Structures are given as C-alpha cells and as structure tokens.
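Visitor: Only the shape, not the letters, is given here:
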C-alpha cells in the first residue's frame, strides 16, 4: 500500500473574516493521521468561485485525497460543488440519490420542501452522495479513477461534518490506509509543575522522534503527549503503552489518568471505591468546585451537598465559621478556610470537607491580601491540611486555578498524588 | 490607498496532525478585516523546509502582505525564518537587535542563556525584530521594498502571537489600511427561539450584503451578527448602530446585550441598580448556576449565598423542602422546585430565590421522568413562577441548558425579557 497524500480545504468567507475558527481541520487531521494518511496542507478560502476552484486545482496537482468542508448549503454563496467540478473539469449533474436523501431528511423532520433544495441534489458527474443524518446537505464522494485524486466534500457545521465523515468516509478509507499511522496518547498529571515534569522526562523528550513526547500545561494540569508512528493500530498502541509506562516509571505518583480522563473523575471513582464522601464550602470560587465534582455521572454517591458562602453571615450560619475568626483573621485567611472545611465536614458527617476562600479580583485586594490570594483547606479523618496560594491572571482564570488546586488537595487525601 | 491583499500562513506539523486548532488564523483574520485588509487565504503547512518555502513562495506571488505564525522556536524543526528567507531569495543573518531583545527577556525572567538561543536572533536580511513581551522568540517584519510584498513572522503560542501583533503589527498597519474595512457586532437575545428570531428579521437577513445579518444559536442564547463594510471605522460603527437599532426595533424586548456581554452581567447590573438580591438552591446543576452568577465581578452585592443540594436530606435541611414533598412528588417535581426557591428565599431574606431540580443523566431516568427533565422555580415579591423543560443532549449540555434557563427566568423577574 502506498502512502496517501491528503490536503484539507475549508470553504467559507466567515473563516477568512475570523468569525469562525476552523475546528473541522483539526478533527479531520487527527482521524486521517490515525488512518495513516499524510496531510500536507490545510487551506481556507472564501466563497468565491474562481479562488475556491484555484485552491482545488492546486491541491489536485499535489494530493491523492482532498477533503473539503463547507459550502454545501442552498445559497449562491455555497459553491464547493461548483468549485470542485470546475477544478476536476467535469459538469455538475442532478443526483437522484442525493434528492432521495435530502427528501428523506425533510420528511423525518417534518420540514416543507422548497425548490432551493435542488441545489443540494447536484454532484460533480460520477460523484456519490453521502447521507447526512444531522442536516440537509449530503456529503459527496468523487472517487478518482485510474490513479487520479479523490475529492470528498463534507458539510461545514462540525456536527454534520463529523457525522458524515465517521459514517461514510472512515469506512471508505479502510483498506486504503497508508503504511504508517500516527497516534497520540495524553498522560495527565497533577500536583507537579510543568518544569518539574519536563526535567523528569527531558531525556525522553530529547530522545527523538518515535515516540515524540511533548509537555502541555493548562490551568494547573500538566499533560505529556506521546505521539508514535507505526504500521498498524496494534503496533501504535503497543508503542504508546511503552511510552506511557516509561512516563509512569518516573512520574507515576502524579499521573491521574490518560487522554480525556479528568481529575474529578479520578477522585469520584476512588472515593466511590472507598465509600468516602466529601462536602464543600466555597466562597471565591462561587460554586465552580461543586460544579466540577458534580460534572461526573454518579457523583451523588460521594457528594451530598455543598454551600456557596459569599457573605460573611453565610460563612457563619451555613458553614459554622466563628464570628470572631472573620473579625480577627478576615474571611480570606487560613483560619477561615480551616473552619469552613471542618464546619461543613461536621455538618454533613462526611469523610472530607473542603473550605475555599480567596480574592478572585478584579476588586477586593488589600495591602496584605493581593488579588489571586487563596486559602484552601481539606478536613479529613487525619486532620486538616491547609495551603496558601497566590495565582495570577484574570478573575475567571484565578477561579479555575483555585478549583483545580482544591481538587489536587482532595486527590492527595484520597491517596492520589503524593 | 489601494486594497491590501493578505494571506495567513501557519507553520507546524502539530496543526497537520490535528493536535492543535489554528485559533491564530481567526484572531489575525478578525483584526485584519477591521483594518480593511482583505484576507484571501489561510494555509497551514508542516515543519518541512521545502513545503513551507513553497507555501511562502506561492503566497508571495498573490499577496501584498503575508503573516505567518509558528516555527520561531529554537529547534531544527522551527524553520519559518529559513522558509521565508528561501522564498524571498535573501539570506538569513544575525540581528544584533533580535539578540538584545532575547537577552533582555532572559534577564527579566532570570533564565540562563544557552547558545541554541542564537537561532532566535536570525532574521531574513533587512528584517526587523519585533519585541515579544511574553516569550523568547521575537517576531520579524520584512518590509517589502518597491511594491514587493511584506512578510511578517509571529510566534506560534497564541498569547505571544497576540502580544506581538497588537503591539507592533497593528500600529504598522495604520496608514497602510485598505479603503474598505469590515466590522461585526453581535446582538445577544434570550427567552426566544432561533426560528422565532429568524422569522422576525428574515427581511433583514435576506436584504443583502451591507450589513449582512446572520443568526447564531448556542446553549439557549441566540445571537444576531451584523457585519458591515465601510471606508472608515466611524462609518462602520454608524452602520452597525443602524443595524442594531433595526434589530432592537423588532426584538428589543429580548436583547440583553451586545458583543461579549453575558446574561449574568446584565442580571447583576440590573439587580444592583434596584438593590435586589438572589439566592439559589440547585440540585442537578450542581453549583454551576451559582458559579455563573458569581462570575460577574461585584456579584457579592446581589448574591449572599447558595446551596448545592444533591441529597434529599440536604434539600430538607438546607433549603426547607418538606419531607412529604420528596416522598409524594419526588425530588424532581414542580412542588420540589417551588419549595427550594421559596425555602432559600425565606432563609436568606433575599428578593428572589431560585430552585433547580432535574435529571442531567446519563442515569436516573424513570418511566415518567426522562433524562433532561428540569423543574425550575423563581420565587419573588410577586409570587413563584415555575417552568418545566426537557432538554436533549449529554449531561454537560443538559446542565448548561438548565442553568441558562434559570438565568432567563431571573432576567424576566428583574424586568428583562418579557
């Protein structure tokens, strides 16, 4: 099997004006890499027949496979069909199959047919319509004969594009896949800084190209992404297993999951296994810590309730902070955080209680308490642990960083990160 | 002033593998459109000298201005400088100015200089380094002489790219701007469906091109985006004012803000003006409603506290729901929602109380209570209003839709949407 050389084209003036981010290209690129297809270029071009046709024509000279997104609607501006046909040098023709698909969609949704819909029933001569379960525009597969390139047109809305690609293009690619596939795995760490992670695996990062290992940091989480080239999925998975094992050998204590696994999922799973529960009293994070814990399906088994204690009175009445603590130490203090955590733990009869207080900004700073200051406490069977942090950035970023840090502290208490 | 024709190039294999989404292109495209620069093409290409140089060479034949992002790091894979020089047919040379900038950055951050850094001090001969406040790689401006195109190289990380572009490229563009600028404004609506919005302004949508009006819907919010072409910013703003006025004439009662304004900001501002307060008892949304209200700086003036009542016991103890209600009607019921809202309103002595209960899924559905079912209630001086909804989608989507609907109900109570 020879390598398939592909290009991805997006058609739409909204992309050139910056009104839309081209997420379709990243999605297609990931799936194609996993199938061993080499993507050499992404291009975005506007709703202009001449320029769009030129982009198709140039790609046809370089690539074996061209996948284009967008421009399959019903208006005059939707001209991907026309541009592809022009570049291929073949006419656009009415497709009875496409009309059946579009009419079936209209029937399912109870929509009223209008003749503008006929535009979506046209395909470059010889092209096959690809059913779209989520929208009116079928995709189109123009399979290249006698070694000529194949052109695939997909609808622009990401939900429709993915549905058509997954159902009809991926199976078509099977058997046409290249001899080298590319696959990635993310290993997610917490409770350790990005420089410390990088230092621990610097030799792996520098070692070279298969696998390549690259660190990413976002909102407190550090991720190491391993990417391998292999000739089969099984071989790629085995190489990724080895890369993950090598990372875990150095940093295993900090690893909480792989790929899309979240820290809150790891926490809820661990707590369920142990029959533990947690309750929360949060101030500056305003409900986001509770929101993150309860984002996990089944979290009701470990989370009975939480309180968002913005006012001083609520800190006293709902979480049991002593009035004297607020007067003497202030709401944003180690003492307050400890009393919040211990107060809600006692009231809920929970295994753990978390107290969070801080200054998210942009207002509220004092001479001794800067914006970004946070006091966090986790009360548990072994006592109460406290941390003080000062995070930088905008209100939203500070709130998310504090939530993350509270999760890291809870993860430690349930036997996760050291 | 003649029109500037621009192309945007992104260099990086991570883009071709789908590991990174090209958000830089959208950012640059928006800023360039606002300056009257026509962008005709976006291209992404990998870290390959020959292919990257070919992309630059092709763009040089078509465009007056080429802005490239990425490939300015210190490794051999970072070859935007080399590719641009090759395509321009001029050598790469050491820039004393670039070295000063890189060394100054190292000094500010207390980093240790290593000789690999010299790679970032090279520029195509005649190019000027553009200081990067957020990273080591300076941008590079290669100004075209005698009508030749200008090439600008910017770092790949979005924070660095934006910092260099805003500080150094935007001022350079002033005076070189085109004779037609493109600018957009978003008018944000709530409490009305997308089809209803579309029907109300269908003639405006169909009327044509200046302004163009396009509807967008996301998570319950409907936005109408007006885009105008004009010869000056003042003229564009005036046309956008007229477009906004035309939309408000039809739909003003549903408009809560423009551009990046959020519904929670509108609510908090309105409540502050009126001296109103609100408290929350939320179950299935798990803290996200409180989190959204408290995302607004200064929300402490209107939000004393909220409770996340996941367990039945907490609904009784923290929000005053009658035990009989839970037994007879169940936790997810109109009666429960009303008692949650009225219970926390009374306990807080607040102007309004919100009660939210529902089934976010994927588990928890019963024969009569499907996934996505939500009962919402807002208690206020004029009594308690209740709504029942069934939202579709995944857990996260359902939770966000319920939060949005609660905000819409509160907005109505404070005199917003009808």
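Guide: Sure thing, it's come through. Treat the numbers as computed from the prediction; the structure is a model and nothing was measured.
Visitor: low pLDDT regions in chain A?
Guide: Low-confidence segments of chain A (pLDDT under 70): A:1-2, A:177, A:208, A:418.
Visitor: Contact partners for the residue in it sticking out farthest from the centre?
Guide: When distances are taken from the C-alpha mean of chain A, residue A:324 lies farthest, 45.1 Å away, according to Cα atoms, centre = their mean. Neighbouring residues of residue A:324 by Cβ atoms under 8 Å, 6 or more residues apart in numbering or on different chains: there are none. Heads up, the C-betas are built off the backbone N, CA and C, glycines and all.
Visitor: next SSE after the strand or helix carrying it?
Guide: In this assignment (DSSP states H and E), residue A:324 forms part of helix A:323-328. Following helix A:323-328 in sequence order, the next helix or strand is helix A:334-348 (DSSP H and E).
Visitor: counting contacts, what elements does that next one pack onto?
Guide: If you count contacts as 3 or more Cβ pairs under 8 Å, 6 or more residues apart in numbering or on different chains; DSSP states H and E, helix A:334-348 packs onto strand A:278-282, strand A:305-309, helix A:312-319, helix A:323-328, strand A:352-358, strand A:373-380, strand A:383-390.
Visitor: Including distance to residue B:406, could the ones you listed go into TSV?
Guide: What follows is these, written out as TSV (distance: least, Cβ to Cβ, whole Å):
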stretch	distance to residue B:406
strand A:278-282	19
strand A:305-309	14
helix A:312-319	20
helix A:323-328	30
strand A:352-358	23
strand A:373-380	27
strand A:383-390	31
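Visitor: With respect to residue A:109, which of the ones you listed lies nearest?
Guide: strand A:305-309 (41.2 Å; Cβ to Cβ).
Visitor: does chain B sit close to the closest one?
Guide: Yes. Counting by Cβ under 8 Å from any Cβ of the partner chain, contacts between strand A:305-309 and chain B involve A:305, A:306, A:307, A:308, A:309.
Visitor: Stretch A:403-418: how far from the chain's middle?
Guide: 22 Å (Cα atoms, centre = their mean, to the nearest Å).
Visitor: can you check stretch A:247-266 too?
Guide: Relative to its parent chain, stretch A:247-266 has a centroid offset of 17 Å by Cα atoms, centre = their mean.
Visitor: is chain B contacted by it?
Guide: No. Remark: stretch A:247-266 sits outside contact range of chain B, by Cβ under 8 Å from any Cβ, the gap being at least 10.9 Å.
Visitor: returning to what we had before: to residue B:146, which of the helices and strands packed on helix A:334-348 lies closest?
Guide: Nearest to residue B:146, of the helices and strands packed on helix A:334-348 and by Cβ to Cβ, is strand A:383-390 at 53.6 Å.
Visitor: Give me the helices and strands touching the closest one, please.
Guide: Using 3+ Cβ pairs under 8 Å, 6+ apart as the contact test, the elements touching strand A:383-390 are helix A:334-348, strand A:373-380, helix A:395-413.
Visitor: which residues pair with residue A:94 across the strands?
Guide: Beta-bridge partners for residue A:94, by DSSP bridges, are residue A:122.
Visitor: quick one: residue A:250 and residue A:199 touch, right?
Guide: No. Counting by Cβ atoms under 8 Å, residue A:250 stays clear of residue A:199, with 9.9 Å between them.
Visitor: quick one: which of those two has more around it?
Guide: residue A:250 (16 against 11; other Cβ atoms under 10 Å in any protein chain shown).
Visitor: Quick check: closest non-adjacent residue to the more buried one.
Guide: residue A:200 (4.7 Å; Cβ to Cβ, 6 or more residues apart in numbering or on different chains).
Visitor: list the contacts for the residue nearest in space to the middle of chain A?
Guide: Geometric centre of chain A, nearest residue: residue A:260, 7.5 Å, by Cα atoms, centre = their mean. Listed by Cβ under 8 Å, 6+ apart, the contact set of residue A:260 reads residue A:186.
Visitor: and residue A:197, what helix or strand is that in?
Guide: helix A:194-200.
Visitor: Outside of that helix itself, list whatever touches it.
Guide: A:189, A:205, A:215, A:217, A:222, A:224, A:250, A:251, A:254.
Visitor: what does the stretch 51-200 of chain A have sitting close to chain B?
Guide: Contacts of the stretch 51-200 of chain A with chain B, taken as Cβ under 8 Å from any Cβ, map to A:51, A:55, A:58, A:182, A:184.
Visitor: one step back: so how far is residue A:185 from the residue nearest to the centre of chain A?
Guide: 11 Å (Cβ to Cβ, to the nearest Å).
Visitor: and residue A:51, what element?
Guide: Residue A:51 belongs to helix A:49-62, assigned by DSSP H and E.
Visitor: What is that helix packed up against?
Guide: Right, helix A:49-62 is packed against strand A:4-11, strand A:37-45, strand A:65-69, helix A:80-88, strand B:37-45 by 3+ Cβ pairs under 8 Å, 6+ apart.
Visitor: And the contacts of it?
Guide: A:5, A:7, A:9, A:11, A:40-41, A:43, A:45-46, A:66, A:68, A:71, A:79-80, A:82-84, A:86-88, A:149, A:151, B:40-41, B:58.
Visitor: Tell me if I'm right that residue A:306 and residue A:347 touch.
Guide: No. Residue A:306 is beyond contact range of residue A:347, at 11.1 Å (criterion: Cβ under 8 Å).
Visitor: what residues are shared contacts of these two?
Guide: With Cβ under 8 Å, 6+ apart as the test, residue A:306 and residue A:347 both reach residue A:279.
Visitor: so who does residue A:339 touch?
Guide: A:319, A:320, A:321, A:322, A:325, A:355.
Visitor: I'd like the distance between it and residue A:293.
Guide: For residue A:339, the distance to residue A:293 - Cβ to Cβ - is 21 Å.
Visitor: Likewise for residue A:302?
Guide: Relative to residue A:293, and taking Cβ to Cβ, residue A:302 is found at 8 Å.
Visitor: what touches both of these two?
Guide: A:268, A:278.
Visitor: can you give me how far the helix holding residue A:324 is from the chain middle?
Guide: For helix A:323-328, the distance to the chain centre is 43 Å (Cα atoms, centre = their mean).
Visitor: Which of the residues in that helix are classified as buried?
Guide: Within helix A:323-328, the residues scored as buried using 16 or more other Cβ atoms under 10 Å in any protein chain shown are A:325, A:326.
Visitor: again, but for stretch A:192-207
Guide: A:192, A:194, A:197, A:198, A:200, A:201, A:204, A:205.
Visitor: Stretch A:114-128 now?
Guide: A:117, A:119, A:120, A:121, A:122, A:123, A:124, A:127, A:128.
Visitor: quick one: it to chain centroid distance?
Guide: Centre-to-centre, stretch A:114-128 and its host chain are 34 Å apart (Cα atoms, centre = their mean).
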